[in-house]
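S.K.: can't give you the sequence, but here's the structure:
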């Protein structure tokens, strides 16, 4: 296994790309979907089943882990990989987004952000340096700079000021990372700029100046609408270097992801497959199903006859019974099947790109999802 | 595989017995612990993991399944085994105990019991004939007669009247079973009699007169205290034929089960391993642990280094984090590890009986459990 972080493009189809990210903990085939392991667990899934779905990499949340059980504690216990029984690559976010969406009484200043923990109300400070320190303590393979996820909507002036603050934080994050990262660990910058194309370009240029191992597109899927999201993705990727992976944060539905791949995105994370799995929703190759629906009460069809996932071979009637009864096994099976669907979607996208038929593939999936519930 | 139900004694050690129950769906090594799959799922466990713990047979609850999703529906879907992905033997109770403990507005008469469903308040009737019909619809390999689980405490007269009603219901259950059971399916009678030794003997004699494939000891672990329970078990088993399996219903802790095995019991069921698993409690070869306890926050020891269960190899610090965070994975891992501990306990009990050292084995386990939390 390589000791260095690298990204190799294997195929292109229009702006869509297929490639491989190499890390000391293994390879990540792109386009890649990262299941979200917020609190050091991909919810309601055994780690070996996460692996069995085909996931090469998972995401964990710095915000949650620094509050509970604490980054220093995880470091003392041997790092996040050992702690959560996941030996593949882990990407951690910087905590910035969760501070804005989950914590109370936030105060943003040049130095960083202070907030009240949503768990016990304690006052916590998060600076660019501390965000990187936490990620180094966790032992994350891919780390993210602390940025301000620009609120939506934002005026042009607000978005520009936010972007400039994020740029200064990115510089400080890079300096902190250079001081604590282990060989082969990577740091990604995050393009902001709200829905203003020139600000997206300005943000990308500033990050490229600093120089990162990969680039994320942030501040999207926050209410701007799908077409505007796609437009901002296209502007952002067009401003980014070809030879670095591009990661669209917090996205999304199958249709969102395929639209973003078509516009040059390589990596995704989203709680949707697991959260939906806990709320009776299934993603299948036949479209989306709500297992609470009475139509499934005596339906002997497997959840998804087209999926290779063991969980997708359970009958819909049984899953309907489990979710109606509030049984944990329902959430376990649907989470497993959904994460595997997301992985199969990425695998088929990679194959389609390699075969030069990505557009036809994406259109076919979109049709299935438009026709479903 | 055999088409007939049979029980073969393989070894004895004092009153303790080791044997094999043969059913058309496979063998059950005794002493056996049956994980409880109340609503067609052993809570928070994949069926293949239940199997992997070493469980030969599981229990499902007639009361719950007749209310949701309904026995006729399960029959239309191909029976309970197919429905819940369990191809080994299944024992179903008769629903009588749950009617008394869960349902409201019960009315007991000669014909049977009527009650209000705890799910939707519907009025439901359960007679000996209907209890068997439901179990035949489910396709249960071992079925139980409908009885009245005598409330505790009961006067001698109350216990005798209850016992006589249960005897008449046992006769009707047997007749109904003979009319609907498939080849190789078995019916067990249930010894009642509260804490009165002569009533226990009278109940056993009456059931033997009717003739059953096996005999359960019921109405215990309802508040009478462990020594009284053991005494009633001893009286009951002494009154039962040697060549039929004996099942102590709803029991219990490791100490309860070992004490009952010592007094001639062959089979157990209890929600304790799974319910405890959902409430942060672990059964291990070192004793019982409460994973919420702060002492485990940085404990890198595996949950149970002596267990062969994959779930028992997770570190206590991680399990502590999961249960403190309310993560489903905590319940999944502890349920799995606890059910496996119960199976390993039975396996070691069988080995100890075969080797003629059951008393020493039981005393050793009792010491471990006395010393733990």
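M.R.: Right, received. Where do you want to start? In this text, all values refer to a predicted model and were calculated from it rather than measured experimentally.
S.K.: Check which helices and strands whichever strand or helix holds residue A:133 sits against.
M.R.: Per DSSP states H and E, residue A:133 falls inside helix A:128-138. Judged by 3 or more C-beta pairs under 8 Å, 6 or more residues apart in numbering or on different chains; DSSP states H and E, the packing partners of helix A:128-138 are helix A:62-67, helix A:71-76, strand A:90-92, strand A:142-144, helix A:156-180. Heads up, the C-betas are built off the backbone N, CA and C, glycines and all.
S.K.: possible to save these as TSV with mean neighbour count and distance to residue B:327?
M.R.: Below are these laid out as TSV (neighbours: other C-beta atoms under 10 Å in any protein chain shown; distance: least, C-beta to C-beta, whole Å):
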stretch	mean neighbour count	distance to residue B:327
helix A:62-67	25	11
helix A:71-76	18	15
strand A:90-92	26	17
strand A:142-144	29	23
helix A:156-180	18	28
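S.K.: next one: phi and psi at the most centrally placed residue in chain A?
M.R.: The residue lying closest to the centre of chain A (C-alpha atoms, centre = their mean) is residue A:269, at 1.7 Å. For residue A:269, the backbone dihedrals (degrees, to the nearest 10) come out as phi -140, psi 150.
S.K.: check contacts around it.
M.R.: A:33-36, A:59, A:91, A:247, A:249-250 (C-beta atoms under 8 Å, 6 or more residues apart in numbering or on different chains).
S.K.: One more pass at 10 Å, please.
M.R.: Taking C-beta atoms under 10 Å, 6 or more residues apart in numbering or on different chains, we find residue A:269 in contact with A:32-37, A:57-59, A:61, A:91, A:93, A:216, A:247-252.
S.K.: Quick check: which of the residues you listed are also close to chain B?
M.R.: Near chain B, judged by C-beta under 10 Å from any C-beta of the partner chain, the entries from the contacts of residue A:269 are residue A:37.
S.K.: which SS state does residue A:222 fall under?
M.R.: At residue A:222 the chain is in coil, as set by DSSP: H, G, I helix; E, B strand; the rest coil.
S.K.: ok, it - contacts?
M.R.: Contacts of residue A:222 by C-beta under 10 Å, 6+ apart are A:97, A:100-101, A:149-154, A:194-195, A:229, A:250.
S.K.: Tell me which residues of stretch A:81-100 come out buried.
M.R.: Using 16 or more other C-beta atoms under 10 Å in any protein chain shown as the test for burial, stretch A:81-100 gives A:81, A:83-86, A:88-100.
S.K.: Any residues of the stretch 101-250 of chain A in contact with chain B? List them.
M.R.: Residues of the stretch 101-250 of chain A lying near chain B (C-beta under 10 Å from any C-beta): residue A:119.
S.K.: For the stretch 101-250 of chain A, give the residue positioned nearest to chain B.
M.R.: Relative to chain B, the nearest point of the stretch 101-250 of chain A is residue A:119 (8.9 Å; C-beta to the nearest C-beta).
S.K.: Strands - which of the buried residues of stretch A:81-100 land there?
M.R.: Among the buried residues of stretch A:81-100, DSSP state E puts A:90-92 in strands.
S.K.: mind listing the helices for chain A?
M.R.: A:47-52, A:62-67, A:71-76, A:80-84, A:96-102, A:128-138, A:156-180, A:197-210, A:226-238, A:254-261, A:272-278, A:316-324, A:328-354, A:358-371 (DSSP state H).
S.K.: pLDDT score assigned to residue A:373?
M.R.: Looking at residue A:373, its pLDDT is 52.
S.K.: same thing with residue A:55?
M.R.: At residue A:55, the pLDDT recorded in the model is 98.
S.K.: Does it touch residue A:90 like I think?
M.R.: No. Look at residue A:55 against residue A:90 with C-beta atoms under 10 Å: they stay out of range, at 11.0 Å.
S.K.: joint contacts of the two?
M.R.: With C-beta under 10 Å, 6+ apart, residue A:55 and residue A:90 have common neighbours A:34, A:37.
S.K.: now the residue in chain A sticking out farthest from the centre: how far from chain B?
M.R.: In chain A, residue A:298 marks the outermost C-alpha relative to the chain mean, sitting 36.0 Å out by C-alpha atoms, centre = their mean. As judged by C-beta to the nearest C-beta, to the nearest Å, residue A:298 and chain B stand 6 Å apart.
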